[in-house]
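Asks: A predicted structure for the sequence below; I have some questions about it.
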Amino acid sequence: PVVVVMGAVAGSGGYYVATPGSWIIARPSTLTGSIGVLTGKIVTGAMWQKLLFNRETIAFGDRVTLYSDERPFSDEERSLVRGDVERIYRAFVDIVARSRKMTPDEVDPIAQGKVWTGRQALERKLVDELGGLDAGISKARTLAGLKDDAPMREVRGPKRMVPPLAGAAAAAGWFGYMLEGLTLLNQAPALAVMEYLPGDLT
């Protein structure tokens, strides 16, 4: 069994990775839900011109520069991207529906990028229980058929990359860190991200 215990925030991609769980636990104040897809690109062409950088792009194929940061989407490209977003959104809703034993039509009204507290998510059947890590450990023991005093072992994942914050190269390092993030945003075809946005913007 896989028991998911949500922390302070577990929305969108955080909720997506929770869906295979046998049991989902959230704190009453957890921010979760945000079942939606947000995509786009940051257009920086004019900025580089102001900085006197000259960039030339050589591309072969109609869609190679779709997510290029040099220009906005054309109407045709915007329509294509919207189609991709809709397809990914429907797939997300279907995954949630299977996980929560609901129909896609039942999930859709509580999806649409809407953010819920843990208590609201419980009312909408997006989580199974309110609690914390202790509740999760107890539930895992129960689902695994173990005794209440069965020992548990903590397994830690790898450390996450953090931005450089100090040192002589702090400013340059931070700029590079931000550029790397912008590059990743431009390369991703669609992003399911947790943002504090009204549901109709997702």
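Replies: On my side now, so go ahead.
Asks: which residue ranges form the helices in the chain?
Replies: Per DSSP state H, the chain carries helices over the ranges 13-18, 45-50, 75-99, 104-107, 118-123, 133-144, 170-187.
Asks: Keeping just the C-alphas, turn the second one into PDB.
Replies: I take that to be helix 45-50. What follows is helix 45-50, C-alpha atoms only, in PDB (Å, rounded to 0.1, in the frame of the first residue of the first chain):
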ATOM      1  CA  GLY A  45      13.200  39.100 -27.800                       C
ATOM      2  CA  ALA A  46      12.700  42.800 -27.100                       C
ATOM      3  CA  MET A  47      14.700  42.500 -23.900                       C
ATOM      4  CA  TRP A  48      17.700  41.100 -25.600                       C
ATOM      5  CA  GLN A  49      17.600  43.800 -28.200                       C
ATOM      6  CA  LYS A  50      17.600  46.500 -25.500                       C
END
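Asks: Show residues contacting that helix.
Replies: 54-55, 69-71 (Cβ atoms under 8 Å, 6 or more residues apart in numbering). For glycine as for every other residue, the C-beta is placed from the backbone atoms N, C-alpha and C.
Asks: out of these, which one sits closest to M152?
Replies: Of all these, M152 sits closest to D69, with 46.9 Å by Cβ to Cβ.
Asks: pLDDT at that closest one, what is it?
Replies: D69 is assigned a predicted lDDT (pLDDT) of 83.
Asks: I'd like to know how many residues surround the closest residue to it other than its chain neighbours.
Replies: Residue nearest to D69 in three dimensions, not counting chain neighbours: T44, with 4.6 Å by Cβ to Cβ, 6 or more residues apart in numbering. Counted with other Cβ atoms under 10 Å, the neighbours of T44 add up to 17.
Asks: for N54, same thing?
Replies: For N54, using other Cβ under 10 Å, the count is 6.
Asks: how far away is it from E70?
Replies: 12 Å (Cβ to Cβ, to the nearest Å).
Asks: Now render the helices of the chain as CSV, adding mean neighbour count and distance to R27.
Replies: CSV is the format used below for the helices of the chain (neighbours: other Cβ atoms under 10 Å; distance: least, Cβ to Cβ, whole Å):
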stretch, mean neighbour count, distance to R27
helix 13-18, 19, 13
helix 45-50, 11, 41
helix 75-99, 15, 20
helix 104-107, 16, 22
helix 118-123, 20, 5
helix 133-144, 15, 10
helix 170-187, 12, 28
